[in-house]
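Trainee: Output the structure for:
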Amino acid sequence: MISKLPRHRPQRHFSDVKRIIVKCELNKCIHCDTTLVSLPSWHMRKTIQTLKGVVFVAGKGKECANSECEYFGQHYLACGVLKYSLPKSTYGLDILAFIGWQHEHEHQQLVEIQRQLNQRGIEINERNVGKLYRQFLALLGGTIIHTQEKLTATALEHGGFIWAIDALQPEGHGTLLYVLYEVLSGIPVSAVQLQQAQVQGLIEWLQPYKELPYKILATLSDGESAIITAMNSSWPDAAHQRCQAHFLSNLSESVLPLDTKLRQQLKADLDGLPKVPDYSERLQDQSQQQQPQSSPLFQQSPICHETHS
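Mentor: Take a look at the predicted model:
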């Protein structure tokens, strides 16, 4: 009898991969307002192919250290990792949006999309393109029974939800893909395509989730005014926080050009200096290089001692 061997899954190896460590966006416990403590290990890590290159993404969570809190020891995950790819996927969300755009609006076949991605340096076959397209449709379709069960379990465990929204535009133009996440469970819940940032369109998209019978503890987004307005309109009693990753990125935009210029100037100045020699140019004291004859242990391997004038 011939035994069937498991299907071989090739391992991809990428060199010079950019590392991104995402920390939990929450600073304080949502229940007792105590400062959260960072966990020592990552709760997830993977290498992701994106349209801008390959990145290694890892998430570091936090926990409540207040022993008197009802949720003492509760772990809070870094939901920012979901902005790079879906759970258990090694392809970026921008690739997911690219496939959806090319198939829905450019009417490209899956094999044609595969060739385009391969030309961009993305290692992917036609089967995975189809799989990512189905995931794209599932996001647009909203919650399914399995997702609803996870949301219910999260609400019971944490006493409510934290909603987050992120927008993707992989080609820099065309349709925007908005993705809704639940932060505490790390679940991507739904997505919608809009031609432009429309407050009313976002409010209508969020309406089914506004009607869920669970408490909304907070909302999270970047600085896009349409998203903030829609979330504040849908959940006016929930505190809103701007995503720290986007906030710091915006702050660094004006600093990076100056930092690059300074780094180039320093490199030009240092290139004019003579190179450091690989050996010492100091004169050696020949009298101290020889070992006494009474030490047979060192006769075959003399030790040179450098003297200082």
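
Trainee: Show me the strands in the stretch 201-309 of the chain, by range?
Mentor: For the stretch 201-309 of the chain, the strands defined by DSSP state E, counting those that start in this stretch cover 216-221, 239-242.

Trainee: pull the CA atoms of the last one into CSV?
Mentor: As requested, the backbone C-alpha atoms of strand 239-242 are provided in CSV (Å, rounded to 0.1, in the frame of the first residue of the first chain):
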residue,chain,number,x,y,z
ALA,A,239,-13.9,57.8,23.5
HIS,A,240,-12.0,58.2,20.2
GLN,A,241,-8.2,57.8,20.0
ARG,A,242,-5.9,58.5,17.0
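
Trainee: Please renumber the chain so that the first residue is 40 from this point on.
Mentor: Got it, first residue is 40 now, which makes that one strand 278-281.

Trainee: Are there helices or strands packed against that strand, and which ones?
Mentor: Applying 3 or more C-beta pairs under 8 Å, 6 or more residues apart in numbering; DSSP states H and E, we find strand 278-281 packed against strand 255-260, helix 264-273. No exception for glycine: its C-beta is placed from N, CA and C like everyone else's.

Trainee: looking at those, which is buried most?
Mentor: The highest mean neighbour count among those belongs to strand 255-260 (a mean of 22), with neighbours defined as mean count of other C-beta atoms under 10 Å.

Trainee: So what are the sheet partners of that strand and their directions?
Mentor: Paired neighbours of strand 255-260 in the sheet (DSSP bridges): strand 200-207 (parallel), strand 278-281 (parallel).

Trainee: In TSV, list those strands along with mean neighbour count, mean pLDDT and distance to Ile163.
Mentor: What follows is these, written out as TSV (neighbours: other C-beta atoms under 10 Å; pLDDT from 0 to 100; distance: least, C-beta to C-beta, whole Å):
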stretch	mean neighbour count	mean pLDDT	distance to Ile163
strand 200-207	23	87	18
strand 278-281	14	84	34
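
Trainee: need the strands of the stretch 240-348 of the chain in JSON lines with distance to Arg166, can you?
Mentor: Supplementary listing: the strands of the stretch 240-348 of the chain in JSON lines, determined by distance: least, C-beta to C-beta, whole Å:
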{"stretch": "strand 255-260", "distance to Arg166": "34"}
{"stretch": "strand 278-281", "distance to Arg166": "39"}
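
Trainee: TSV for the strands paired with strand 255-260, including distance to Lys254?
Mentor: Written out in TSV, the entries for the strands paired with strand 255-260 read as follows (distance: least, C-beta to C-beta, whole Å):
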stretch	distance to Lys254
strand 200-207	7
strand 278-281	12
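
Trainee: Out of the helices and strands packed on strand 278-281, flag the one nearest His82.
Mentor: When the helices and strands packed on strand 278-281 are compared by C-beta to C-beta, strand 255-260 sits nearest His82, at 17.7 Å.

Trainee: Quick one: residues in contact with the closest one.
Mentor: The set of residues external to strand 255-260 that reach it, using C-beta atoms under 8 Å, 6 or more residues apart in numbering, is 64, 69, 118, 197-205, 222, 266-267, 270-271, 274, 276-282.

Trainee: Could you check the angle it makes with helix 264-273?
Mentor: Here the directions of strand 255-260 and helix 264-273 differ by 170 degrees (axes from the mean of the first three to the mean of the last three C-alpha atoms, to 10 degrees).

Trainee: Find out how far strand 255-260 is from the centre of the chain, if you would.
Mentor: Averaging C-alpha coordinates over strand 255-260 and over its chain gives two centres that are 19 Å apart (C-alpha atoms, centre = their mean, to the nearest Å).

Trainee: how much space between Cys103 and Tyr115?
Mentor: Distance check for Cys103 against Tyr115: by C-beta to C-beta, to the nearest Å, it reads 8 Å.

Trainee: Now the common contact residues for these two.
Mentor: Leu75.

Trainee: Name the nearest residue to Gln141, sequence neighbours excluded.
Mentor: Gln147 (4.3 Å; C-beta to C-beta, 6 or more residues apart in numbering).

Trainee: what's near enough to touch the most centrally placed residue in the chain?
Mentor: By C-alpha atoms, centre = their mean, the chain has its centre lying nearest to Val120, at 3.8 Å. Contacts of Val120 were listed using C-beta under 8 Å, 6+ apart, and they are 61, 83, 96-98, 225.

Trainee: With Trp202 instead?
Mentor: Applying C-beta under 8 Å, 6+ apart to Trp202 gives the contacts 219-222, 248, 255, 257-259, 270, 274, 277.

Trainee: Can you pull the poorly scored residue ranges out of this structure?
Mentor: Scanning the chain for pLDDT under 70 picks out 40-50, 181-184, 209-213, 282-295, 311, 314-348.

Trainee: show me where it has helices.
Mentor: Defined through DSSP state H, the helices belonging to the chain, from first to last, are 132-143, 149-158, 165-180, 184-197, 238-249, 264-273, 283-291, 295-310, 325-328.
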